[in-house]
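Participant: Sequence and predicted structure below; questions after.
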Amino acid sequence: MEARDSNGNILAAGDSVMVIKDLKVKGSSVTLKRGTVIKNIRLTDDPGAIECNADKVKGLVLKTEFLKKS
């Protein structure tokens, strides 16, 4: 199974992605703004989700439908 971003591009471990929509982080008051670049992603067993670390939040799991490969 391949993880794909919102445009259908294949994602690989270590890629950089950009958030395409403002996302509220559950359990925190932080909001990931549109255009935020997240570096060094990690793939999961679920092709619709990736693990990553953002500036203020560590250990995020994001859905690939809100990401664009950069």
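Facilitator: Here it is on my side, so go on.

Participant: and stretch 21-36, which residues are buried?
Facilitator: Neighbour-count burial for stretch 21-36 flags 23, 32 (criterion: 16 or more other C-beta atoms under 10 Å). (Glycine included, C-beta is placed from N, CA and C.)

Participant: could you pull out the strands for this protein?
Facilitator: Per DSSP state E, the chain carries strands over the ranges 17-19, 23-24, 31-32, 37-38, 42-43, 49-52, 60-63, 67-69.

Participant: Make a markdown table from those strands and add mean pLDDT and distance to residue 2 to it.
Facilitator: A markdown table is the format used below for the strands of the chain (pLDDT from 0 to 100; distance: least, C-beta to C-beta, whole Å):
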| stretch | mean pLDDT | distance to residue 2 |
| --- | --- | --- |
| strand 17-19 | 96 | 15 |
| strand 23-24 | 94 | 23 |
| strand 31-32 | 93 | 24 |
| strand 37-38 | 95 | 19 |
| strand 42-43 | 96 | 9 |
| strand 49-52 | 96 | 12 |
| strand 60-63 | 94 | 15 |
| strand 67-69 | 96 | 12 |
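
Participant: for the ones you listed, which one sits closest to residue 5?
Facilitator: Comparing those by their distance to residue 5 (C-beta to C-beta), the top pick is strand 67-69, with 4.9 Å.

Participant: Buried residues, the closest one. List them.
Facilitator: So, applying 16+ other C-beta under 10 Å, buried residues of strand 67-69: 67, 69.

Participant: and it, which strands flank it?
Facilitator: Here strand 67-69 is paired, per DSSP bridges, with strand 17-19 (antiparallel).

Participant: give me the number of residues near residue 9?
Facilitator: Residues near residue 9, counting by other C-beta atoms under 10 Å, number 15.
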